[in-house]
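1. All I have is the shape, not the residue letters:
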């Protein structure tokens, strides 16, 4: 798929971040859009922004919880009926959870896997028949830099993103064998400036072990957000044009990829050493603050 003009793209998680950036980038190329998100207000803002920059496009929207299989399949059928065809599905919706494996609740695990992994599965299976019927389709599934290497306190997030990677790699191979006019790409973003940290869940189990507290943990996480959502969207669309099997977004993703390739086991010890060093610094800062407060 070299051009997006007059194509039809469905995007999950379109209320903000990379989802909104993808919608805007595709709209500029005159691609018709079907947008979904649980955030109804943010979704309406995306629709408004799209229609301002590209009047005349067919733009539809729906409140969809991607973890609910029936809702995603119903939305896919609705999109095909409203637009007449579907060429692209961007399974972009995602959430974050910071917790130790021991400390995570099963409810939190179900929540993150339901959105990050099952949301991708639901979107892929619901839209794939429509993409094949179009004769020119592409599945784009968002994994993460944490689908390339693991981090302490991110076990559930790692699991969901590694699963997306394996699922999409297998899908791409099957589509190549079918020679059906549909392809697939897995996306590994590094730190993208979105609101994922603000909306993340943080378990008390990481306090003192990895971070001082939940707010400080979110702030530390956001320090690594070095790539804009707009830059990420352009990289993803370039990957689709080139029919790449995977897209690495940001220098941090490329470094992580090299590290995981060259040091597939040894990198873990490096991560532990670096985490211990950061924890020591954070605890020292906290002790200084407490001492100053007591002195005053």
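-> Received, thanks. Just so we're clear, the structure is a prediction, and the values are computed from it rather than from any experiment.

2. Would you map the strands across the stretch 151-296 of the chain?
-> Along the stretch 151-296 of the chain, counting by DSSP state E, counting those that start in this stretch, strands occupy 182-189, 201-202, 246-249.

3. which residues are contacting the last one?
-> It refers to strand 246-249. Here strand 246-249 makes contact (Cβ atoms under 8 Å, 6 or more residues apart in numbering) with 165, 185-190, 192, 227, 231-232, 235-236, 238-239, 254, 257. Glycine gets a C-beta too; all of them are placed from N, C-alpha and C.

4. Give the partner strands of that strand in its sheet and their orientations.
-> Using DSSP bridges, the strands paired with strand 246-249 in its sheet are strand 182-189 (parallel).

5. Show residues contacting the partner strand.
-> Applying Cβ under 8 Å, 6+ apart, the set of residues contacting strand 182-189 is 1, 18, 128, 131-132, 136-145, 147-148, 164-165, 168-169, 171-172, 175-176, 227, 232, 236, 239-240, 243-250, 253, 257.

6. Give me the ChimeraX select line for these, limited to the buried ones.
-> Burial among the contacts of strand 182-189 is assessed by 16 or more other Cβ atoms under 10 Å; the matching ChimeraX selection reads:
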select :1,18,128,131,137,138,139,140,141,142,143,144,145,147,148,164,165,168,169,171,172,175,227,232,236,239,240,244,246,247,248,249,250,253,257
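
7. Out of the contacts of strand 182-189, which sit inside helices?
-> Counting by DSSP state H, the part of the contacts of strand 182-189 found in helices is 18, 128, 131-132, 164-165, 168-169, 171-172, 175-176, 232, 236, 239-240, 253, 257.

8. Give me the below-cutoff pLDDT ranges for the stretch 151-296 of the chain.
-> 193-199, 211-226, 282-296 (pLDDT under 70).

9. switch the cut-off to 90
-> Along the stretch 151-296 of the chain, the parts satisfying pLDDT under 90 run over 190-228, 251-252, 256, 274-296.

10. so of the strands of the stretch 151-296 of the chain, which one's packed in deepest?
-> Sort the strands of the stretch 151-296 of the chain by mean neighbour count, taking mean count of other Cβ atoms under 10 Å, and strand 182-189 sits at the top with a mean of 25.

11. now that one: how far from the chain's centre is it?
-> Strand 182-189 has its C-alpha centroid displaced from the chain centroid by 11 Å (Cα atoms, centre = their mean, to the nearest Å).

12. where does the stretch 1-150 of the chain dip in pLDDT?
-> 1.

13. Do a quick rundown of the helices in it.
-> All helices of the stretch 1-150 of the chain, identified by DSSP state H, counting those that start in this stretch, fall at 17-28, 40-53, 69-83, 106-116, 118-134.

14. Which one of those lies nearest to residue 204?
-> For residue 204, the closest of those is helix 106-116, at 11.7 Å, according to Cβ to Cβ.

15. which other helices and strands contact that closest one?
-> strand 97-98, helix 155-178, strand 201-202 (3 or more Cβ pairs under 8 Å, 6 or more residues apart in numbering; DSSP states H and E).

16. Can I get those in JSON lines including distance to residue 106?
-> Converted to JSON lines, the helices and strands packed on helix 106-116 look like this (distance: least, Cβ to Cβ, whole Å):
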{"stretch": "strand 97-98", "distance to residue 106": "12"}
{"stretch": "helix 155-178", "distance to residue 106": "10"}
{"stretch": "strand 201-202", "distance to residue 106": "13"}
